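Visitor: dropping a prediction and its sequence here:
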Amino acid sequence: LDLYHQMVVIRKVEESAAELYQQGKIGGFLHLYIGQEGVAVGVCSSLRPDDFVFSTHRSHGHYLAKGGDVAALVAEVFCRESGCSRGWGGSMHVCDESVGLPGSSAIVAGTIPLAVGAALAFATRSEDRVAAAFFGDGATNEGVFYESLNLAALRRLPVVFVCENNLYSTHLPVEKCLADTDISRKGSLFNMPAEKVDGNDVLAVAKAAHRAVDRARSGGGPTLLECLTYRWRGHVGPNFDVEKGLRSRAELDSWMQRCPI
């Protein structure tokens, strides 16, 4: 019930943000998490308050799942000083170290090495803490993704790599930008445990995350989780990208029927 409640809160906040954006009351860019709630909630259910999560431009769900305050997030989206990032971050750079989310970045794959660095610090200080990095399928095109996996595996660092594979890198289908679309298999390149899980099944995500976090916390090293999911709205903004011909209505409808909530 707690997981369900968290997903509903994220959905309602995001739907409200979409409506306000359409009314012109929110400026700049808005990357919505609608449809992917099961990943953030499932992963964060296994993390403690002092564990770190590093997020992306699509950070609202991660922040709320990690224990962030709804009012502080809304204020941040409006760039108000009362926001969780004091109004400096806006929608794409949500951060709040008090809940264990020290940073988000719109740079693709930009926060993956930061999570590894945090995990290295935890290990060096013998702290019982875990770092988790959320990133999209497009981030697995970047060299720093492989460098991060290599160092984490080499040093057996307490980090969990969470790929939210929503099948699109901005507007490009995953099969058009990855020679091998089986992202979970990339963990084996570094002798790292990996799992592919239904990202719209919050209980399946929670169980996989629990195994990964327990492994990291007990000195077993990193894990790569590939969570298959789908964003309902466009890459940016409240529209659905169907009207632009970037994806089909049938594909969107089929994933909406698999709603994590």
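Guide: All right, it came through fine. Residues are numbered from 1 along each chain as shown.

Visitor: what's the residue closest to the geometric middle of this protein?
Guide: By C-alpha atoms, centre = their mean, the mean C-alpha position of the chain lies nearest to Phe134, the distance being 3.7 Å.

Visitor: adjacent strands (with direction) for the host helix or strand of that residue?
Guide: If you go by DSSP states H and E, Phe134 is part of strand 131-136. In the sheet containing strand 131-136, its partner strands are strand 52-55 (parallel), strand 159-165 (parallel), by DSSP bridges.

Visitor: dump these into TSV; add mean pLDDT, mean neighbour count and distance to Glu226 as well.
Guide: All C-beta spots, glycine's among them, are computed from the backbone N, C-alpha and C. Formatted as TSV, the entries for those read as follows, by pLDDT from 0 to 100; neighbours: other C-beta atoms under 10 Å; distance: least, C-beta to C-beta, whole Å:
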stretch	mean pLDDT	mean neighbour count	distance to Glu226
strand 52-55	98	27	17
strand 159-165	98	28	5
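
Visitor: pipe those strands into JSON lines and attach distance to Asn150 per row.
Guide: Formatted as JSON lines, the strands paired with strand 131-136 follow (distance: least, C-beta to C-beta, whole Å):
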{"stretch": "strand 52-55", "distance to Asn150": "18"}
{"stretch": "strand 159-165", "distance to Asn150": "12"}
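
Visitor: of these, which is nearest Gln257?
Guide: strand 159-165 (18.5 Å; C-beta to C-beta).

Visitor: I'd like the distance from the closest one to the chain centre, please.
Guide: Using C-alpha atoms, centre = their mean, to the nearest Å, the mean C-alpha position of strand 159-165 is found 7 Å from that of the whole chain.

Visitor: just checking, next helix/strand downstream of that strand?
Guide: Toward the C-terminus, strand 159-165 is succeeded by strand 168-169 as the next helix or strand (DSSP H and E).

Visitor: having no further points to raise, I will conclude here.
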